[in-house]
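1. Just a sequence and a predicted model for now, questions to come.
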Amino acid sequence: MGSGPQVGINTNAARTGTTLVQEATRARFSTVGLSHVKQGALHSEPASILPMRIRIDHVVIHVSDWERSNAFYRDVLGAELVDKGDGSPARHYRFGDQQFNVHGPGMDPYPIADRPAEPGGADLCFVWDGPIEEAVQHLQRQEVEVVEGPIERYGGRGKGTSVYFRDPDGSLLEFISYGDE
C-alpha cells in the first residue's frame, strides 16, 4: 500500500476518527446550510441526527385551474379550503394540521423551488381510515377513475393496501389503508 489516499478509504474519516456515516451526514449538512452543527452532535444512526421531532407542516402543489382543483380537493380528499384573503379563487388545502400551499394561475409566489413542479407533477399519498374497499367506493361515487389497485404497498406505518388515482391535472394520488383502524 502506498502513501497516498487509497481507493475505498475515506481519509478524512480515518484522520478524524469519525465513521463514514458521520462524514456523509456532515457533508449533507454542509450542502443544506447546517455546517454549524457541532462535531459531537452527529451520530452513527441517521435517524438520530436531530434531537427534536420533525414532521411535515405543508407542501406546495401546483394547479392549472382553481375552480376545478378546489372542487376536487374538497370533494374527493375532504380538504378544508382556506381562503388566502386576496379576493381570488386561490386557496390552500388543509387536512387537519397539515396543509397544501397551492400555486396556480395568477400567482407570482416567492421564494420558490429552483425547479418548481408543474401542474400534474405531484405524487402524494393519503391515509384512508378504514377498509380500502370504502376508498374505492368513494372514488367511484366521485366519478374518479382508479389507476391501480387495490394493491399491497408499504408506507410510513408499514404494510398497507393502496389505490391510485389522479387529480384533474394528472398528479398521482394514493389512498393507503393500514387495516380497519
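-> Arrived safely. Numbering: from 1, shown residues only.
2. Tell me the spacing between residue 173 and residue 71.
-> Look at residue 173 and residue 71: by CB to CB, to the nearest Å, they are 15 Å apart. The way it works is simple: take the backbone N, C-alpha and C, and place the C-beta from them, glycine included.
3. So between these two, which is more surrounded?
-> residue 173 (21 against 13; other CB atoms under 10 Å).
4. What residues does that one make contact with?
-> Listed by CB atoms under 8 Å, 6 or more residues apart in numbering, the contact set of residue 173 reads 77, 122, 124-126, 164-167.
5. Return the members of the residues you listed classed as buried.
-> Among the contacts of residue 173, those classed as buried by 16 or more other CB atoms under 10 Å are 77, 122, 125-126, 164-165, 167.
6. Could I get those in CSV, plus columns for distance to residue 146?
-> Shown next, in CSV, are these (distance: CB to CB, whole Å):
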residue, distance to residue 146
77, 15
122, 18
125, 15
126, 14
164, 7
165, 6
167, 14
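7. Relative to residue 67, which of those is nearest.
-> Sorting those by distance to residue 67 puts residue 167 at the head of the list, at 13.5 Å, by CB to CB.
8. Do a quick rundown of the helices in this structure.
-> 11-16, 20-31, 66-75, 132-141 (DSSP state H).
9. Domain map for this structure?
-> Per automatic domain parsing, the domain ranges recorded for the chain read 11-48, 58-177.
10. residue contacts, the residue nearest to residue 94 when sequence neighbours are not counted?
-> Once flanking residues are discounted, residue 94 sits nearest to residue 80: 4.3 Å by CB to CB, 6 or more residues apart in numbering. By CB under 8 Å, 6+ apart, residue 80 lies in contact with 74, 93-95.
11. Name the member of these that has the highest neighbour count.
-> residue 93 leads the contacts of residue 80 on contacts (other CB under 10 Å) with 23 neighbours.
12. Can you name the residues that contact the nearest residue in space to that residue that is not next to it in sequence?
-> What sits nearest to residue 93 in space, not counting adjacent residues and going by CB to CB, 6+ apart, is residue 79, at 3.8 Å. With contacts defined as CB under 8 Å, 6+ apart, the neighbours of residue 79 are 73, 93-95, 100.
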